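K.L.:
Build me a structure from this.
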Amino acid sequence: MDKGFIKLSRTFFDNKIWQAARAFSECEAWIDLIQSARFEASPTTSRIGCYEVTWERGQYPASNRFLAKKWRRSDQWVKSFLGKLKREKMITTDNSQGVNVITLVNFEKYNGEAIGNPPNTPHCNPLNKLIDGDLQEFITHLVTQQITHFQKGQPTSNPNNKKEKNIKETTPNGVAKKDAAKAATLFRKDSFYQSLIPYVGKYPKDMIRAFFDYWSEMNKSCTKMRFELEKTWELSRRLTTWANKERMPAKSTTDVGVILNNNSPDKYDSPQEKKWEERWNK
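P.N.:
Next comes the predicted model:
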C-alpha cells in the first residue's frame, strides 16, 4: 500500500529504545517534531525563560539550542535541518514572541483519519485516536457492549416486560452511560496532566503533582473535575498562586522535565492513573 497510516502509540517515545543516547538522524528528528507538536485543539500558554509563549495545535516552541541538546547534534546541524524543512515547505517558524515557535504545515495530514476505515466505527472515532492503553480499551469495550445490546438502535426483544425494563436501565441510557461519562472525564484528566508538563522545569515536581492531584479530583458523578467547576481558570496564574501559598519559589531552569512520584501509597481510580504514576517515576 502506498497510502494509509501506521498506528503508533505515543508511549513508544517513552520506550528505552527511543530514549537511547544517540545522535538523531534527519528522519528521527522529523518524527520527534511531529510527536512533540501540540496535539490538543485548544491553544496553551506557558512561561519559557522570561517570555509568555502561546502555541496551538501542530506547533512546538523550541530553540535551536534546545533541539541540539535533545537531538545530540550541533547548533549548526539543527539550523541546517530546519532550513531544509522550510525550503521543502514542511514547517514555518516564528520568533515574534521571543521564543522560536515551529509550525508543522501538514500536521492535520499526519493526524487525520486512517484511509479505508468506514465512518462512525470505533476505529475511526477521533476520540479513540487520542486515547491509548487501558482507557482506549475501556472505550472500545463500551462501544462493543452498546452494539451488542442495540443492533440498529433497537434493544433485544424480550417477552418479559419487567426484565426488558431492567435491560434498558443498564444499557447505554443507564450504567453504560455513566461509565462513558467517567471515561470522557478520564480523557480530559489526561489532557490536564499533559498541560502541566511544560511547567515541571519551572516549579518543583512534588508541587506539580500535588496541584494535579487536588484540581483533577472528580465529583461523585465522575462528570467534572474540581478545576472544571471553577468560574474562571488560567493555568499559569493558578500555578503561581499555588506556589506562593506553599512558599515555593519558581526554579530558574526552563528545561521540560518528567514528573516524578511522591512515593505516597496512592489509590488509583483507573489503570490510566497508574500509567500516569509510572510515567512520573521515569
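K.L.:
I'd like to know how far residue 104 sits from residue 201.
P.N.:
Distance of residue 104 to residue 201, computed by C-beta to C-beta, to the nearest Å: 23 Å. For glycine as for every other residue, the C-beta is placed from the backbone atoms N, C-alpha and C.
K.L.:
out of the two, which sits in the busier spot?
P.N.:
Neighbour tally, residue 104 and residue 201, criterion other C-beta atoms under 10 Å: the higher count belongs to residue 104, 23 against 17.
K.L.:
show me what contacts that one?
P.N.:
With contact taken as C-beta atoms under 8 Å, 6 or more residues apart in numbering, residue 104 is in contact with 33-34, 37, 58-60, 90-91, 110.
K.L.:
Tell me which residues are up against the helix or strand residue 108 falls within.
P.N.:
Using DSSP states H and E, residue 108 falls within helix 107-110. Contacts to helix 107-110, defined as C-beta under 8 Å, 6+ apart, come from residues 34, 37, 57-58, 104.
K.L.:
hey, where'd the strands end up in the stretch 151-282 of the chain?
P.N.:
154-155 (DSSP state E, counting those that start in this stretch).
K.L.:
Could I get the full set of helices for it?
P.N.:
Under the criterion DSSP state H, counting those that start in this stretch, the stretch 151-282 of the chain contains helices at 161-169, 175-196, 205-215, 235-246, 271-281.
K.L.:
Those helices: lowest mean pLDDT?
P.N.:
Comparing mean pLDDT across the helices of the stretch 151-282 of the chain, the weakest is helix 161-169, with a mean of 46.
K.L.:
And the contacts of helix 107-110, which of them are buried?
P.N.:
Buried members of the contacts of helix 107-110, counted by 16 or more other C-beta atoms under 10 Å: 37, 57-58, 104.
K.L.:
out of those residues, which are inside helices?
P.N.:
Judged by DSSP state H, the buried ones among the contacts of helix 107-110 include no members of helices.
K.L.:
any chance of those residues in CSV, plus distance to residue 222 and pLDDT?
P.N.:
Formatted as CSV, these follow (distance: C-beta to C-beta, whole Å; pLDDT from 0 to 100):
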residue, distance to residue 222, pLDDT
37, 31, 91
57, 27, 91
58, 31, 91
104, 35, 93
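K.L.:
just curious, which of those residues is nearest to residue 192?
P.N.:
Within those, the smallest distance to residue 192 is 16.7 Å, found for residue 57 (C-beta to C-beta).
K.L.:
distance of that closest one from residue 225?
P.N.:
22 Å.
K.L.:
Same question for residue 180.
P.N.:
16 Å.
K.L.:
Can you name the residues that contact the residue nearest to residue 185 when sequence neighbours are not counted?
P.N.:
Leaving aside its sequence neighbours, residue 185 sits nearest to residue 222 (C-beta to C-beta, 6 or more residues apart in numbering; 5.5 Å). Residues counted as contacts of residue 222 (C-beta under 8 Å, 6+ apart) are 178, 181-182, 185.
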